[in-house]
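Asker: Dropping a prediction and its sequence here:
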Amino acid sequence: MDVRALLYSPDVTGDLLFFVAEDGIAECKWPHAAVQTLCEAQGFAGKLGETAVCTYVEEETANLRKVVVGGLGKAAELCLEKLRKATGNALKQAEKHKVETLTMLPWDLNLLPLDAVVRAVVEAALLNSYRFDRYLGESKEQSLKSLQISYASQQEVDVMRGLKLGQTLGHATNMARDLVNEPANSMTPAQLAEEAIKAGETFGFAVEVMERDAIEELGMTAFLEVGKASANSPRFIVMRHLGKPEEPEQILGLVGKGITFDSGGLSIKPAQGMGGMKFDMGGAASVIGAMSAIAAENLHLNVVAVVAACENLISGTGYRPGDIIGSMAGKTILIESTDAEGRLTLADAAHYVVTKERASTVVDVATLTGAAIVALGTVTTGVITNDQGLYERLQAASDQSGERVWQLPSFPEYREQNKTHQADLKNTGGREAGTITGGLFIEAFVEEKPWIHLDIAGTCFAAKDREYLREGATGVGVRLLYHFAESLI
């Protein structure tokens, strides 16, 4: 979809988009008296999620004009995420009514900062228009081709700022969705590395890709153990945006889980649902997308993102339950389940970003545990941290992005579940508190740096269409990580 801004004038042509708050419906400036009358006749009350579509005859030109009206709910309760949902619902109605170009009338509700309002509308429009249809012989063409954000002259600076960032975040999120939706026979570790290189060239960040020999030289034995059953060799991807070279000691390290397909290894997963394990590189897609947005907006901070990309398959060369393996950090690990593989790759990746890239703060993002889905469902990302101040920044970023997070406890007793008398650590802490123990396993490799773990197992995929998201990969984490990074400037 083409999303742009234009200076509003009374003779603007085409179909219109208009938002109404529930408790201001009588006083708001309707585009035409007939529109209010027609909406009221439909029972439209401005509630959140409500939409109305009406057609009236324009007196000056005698042309028919459609107006799509979206309800915002109560004005005092409006937030950016509710606005995104209202936008998504309205655009779906426009699509049903075969609208081709929709012009949003100037925003005149003094409820939220205007640049944030425009950003949210643009994000919702781009995310709503996303389709993964490249493998269809014949894809369904969308009727809605263009959204124009009109504005009054005094609003231009804020509108242009919101438009630019909304486009950046929308496109970066959709790119991440493409990476995750791609089938595993196409999105191999080597291909994921190629996509990272393309993103770097497009958005302006440096990319280094290491193959097996270089990974072995680094001593990343935990990472290599996971990938050694596959014919597709692993890749270690390093992405750098050095936006604040005058403070080289301040570096945000992003670590994304990059298991491009997860069979579970010898601890094999059930056949039902295994096809969805192409989504196990959702964390990698998140950090690639976030780096793209960070570089595109040229944020004034240093960011290094890393991805340990491999497949967790089954063969005679694969690792086994009961094996004791090493790691880049020198810690030994007892393998209790080969299906707890992501934390092994993340352990080496996190240790690398701290010791080799000198990251001062670490955030890892991973589709780590099914326990996260049991605990929080598919609408909230589970979070574990060793720094409460960092979590407060993450919560503020969540408010901006609409990607919900929830902090889980990290009491010392949970760390005990990862201990064993046979090795320094074991790679599962048992069924109890699985999301917590999985995250705390990674914490053991960040060298006590300020750290946040995001378990996106439930949030990286939508089983059905939502207000502004389509079935499939959500791109969760891209916008959240961008706003978190922005908070560190």
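Answerer: Perfect, I can see it now.

Asker: rest of the way, CA atoms for contacts and neighbours
Answerer: OK.

Asker: Strands along the stretch 51-200 of the chain, start to end?
Answerer: For the stretch 51-200 of the chain, the strands defined by DSSP state E, counting those that start in this stretch occupy 51-57, 64-71, 101-104, 146-151.

Asker: which other residues reach the first one?
Answerer: Strand 51-57 is touched from outside by 34-35, 38-39, 42, 44, 63-71, 89-90, 93-94, with contacts defined as CA atoms under 8 Å, 6 or more residues apart in numbering.

Asker: buried subset of these?
Answerer: 35, 38-39, 44, 66-71, 89-90, 93-94 (16 or more other CA atoms under 10 Å).

Asker: Can you give the domain ranges for this structure?
Answerer: Domain assignment for the chain by automatic domain parsing gives 2-134+142-151, 171-487.

Asker: can you give me the mean pLDDT across the first one?
Answerer: For domain 2-134+142-151, the mean per-residue pLDDT is 92.

Asker: My read is that D339 contacts F261, right?
Answerer: No - when contacts are counted by CA atoms under 8 Å, D339 is not listed as touching F261 (11.5 Å).

Asker: okay if I get the buried ones among the contacts of strand 51-57 as a markdown table plus distance to G24?
Answerer: Shown next, in a markdown table, are these (distance: CA to CA, whole Å):
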| residue | distance to G24 |
| --- | --- |
| V35 | 15 |
| L38 | 17 |
| C39 | 14 |
| F44 | 13 |
| K66 | 22 |
| V67 | 18 |
| V68 | 17 |
| V69 | 14 |
| G70 | 13 |
| G71 | 11 |
| N89 | 20 |
| A90 | 18 |
| Q93 | 22 |
| A94 | 23 |
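
Asker: Now E100: phi and psi?
Answerer: E100 has phi and psi values of phi -100, psi -40 when expressed as degrees, to the nearest 10.

Asker: right, and it touches Q148 too?
Answerer: No - if you go by CA under 8 Å, E100 and Q148 don't touch, sitting 11.2 Å apart.

Asker: Looking at the two, which is more packed in?
Answerer: Taking neighbours as other CA atoms under 10 Å, E100 and Q148 compare with Q148 leading, 20 against 15.

Asker: Just give the nearest non-adjacent residue to that one, would you?
Answerer: T103 (4.5 Å; CA to CA, 6 or more residues apart in numbering).

Asker: same deal with R84?
Answerer: Nearest non-adjacent residue to R84, counting by CA to CA, 6+ apart: A124, 5.2 Å away.

Asker: which ones are touching that neighbour?
Answerer: A124 is in contact with R84, K85, T87, G88, G170, Y468, counting by CA under 8 Å, 6+ apart.

Asker: Let's have these in a markdown table, adding distance to K164 and neighbour count.
Answerer: Output for these, formatted as a markdown table (distance: CA to CA, whole Å; neighbours: other CA atoms under 10 Å):
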| residue | distance to K164 | neighbour count |
| --- | --- | --- |
| R84 | 16 | 26 |
| K85 | 20 | 25 |
| T87 | 18 | 30 |
| G88 | 19 | 26 |
| G170 | 10 | 26 |
| Y468 | 19 | 22 |
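
Asker: Looking at the residues you listed, which is nearest S327?
Answerer: G170 (37.2 Å; CA to CA).

Asker: okay, now the closest residue to that closest one other than its chain neighbours: neighbour count?
Answerer: Using CA to CA, 6+ apart and skipping the chain neighbours, the partner closest in space to G170 is E123 (4.8 Å). By other CA under 10 Å, 30 other residues sit near E123.

Asker: which ones are touching E123?
Answerer: So E123 contacts R84, G166, Q167, L169, G170 (CA under 8 Å, 6+ apart).

Asker: just G273 next, same as before
Answerer: Neighbours of G273 in contact, by CA under 8 Å, 6+ apart: none.

Asker: ok, back up a step: can you list the strands of the stretch 51-200 of the chain in TSV and add distance to P183?
Answerer: Listed next are the strands of the stretch 51-200 of the chain as TSV, based on distance: least, CA to CA, whole Å:
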stretch	distance to P183
strand 51-57	36
strand 64-71	36
strand 101-104	33
strand 146-151	30
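
Asker: so which of the ones you listed gets nearest A308?
Answerer: strand 146-151 (38.7 Å).

Asker: What strands flank the closest one, and is each parallel or antiparallel?
Answerer: Strand 146-151 has its sheet partners listed here by DSSP bridges as strand 2-7 (parallel), strand 101-104 (parallel).

Asker: Determine the longest helix present in this protein.
Answerer: Scanning the chain for the helix with the most residues, using DSSP state H, yields helix 156-181.

Asker: How far away from the center of its chain is the helix or strand L344 falls within?
Answerer: Assigned by DSSP states H and E, L344 belongs to helix 342-355. Computed by CA atoms, centre = their mean, to the nearest Å, the chain-centroid distance of helix 342-355 equals 21 Å.

Asker: Stretch 210-220 now?
Answerer: Its chain's C-alpha centre and that of stretch 210-220 lie 29 Å apart, by CA atoms, centre = their mean.

Asker: which parts of it are buried?
Answerer: For stretch 210-220, using 16+ other CA under 10 Å, the buried residues are I215, G219, M220.

Asker: With stretch 467-477 instead?
Answerer: E467, Y468, L469, R470, G472, A473, T474, G475, V476, G477.

Asker: Show me how far stretch 253-273 is from its chain's centre.
Answerer: Per CA atoms, centre = their mean, the centroid offset for stretch 253-273 relative to its chain is 19 Å.
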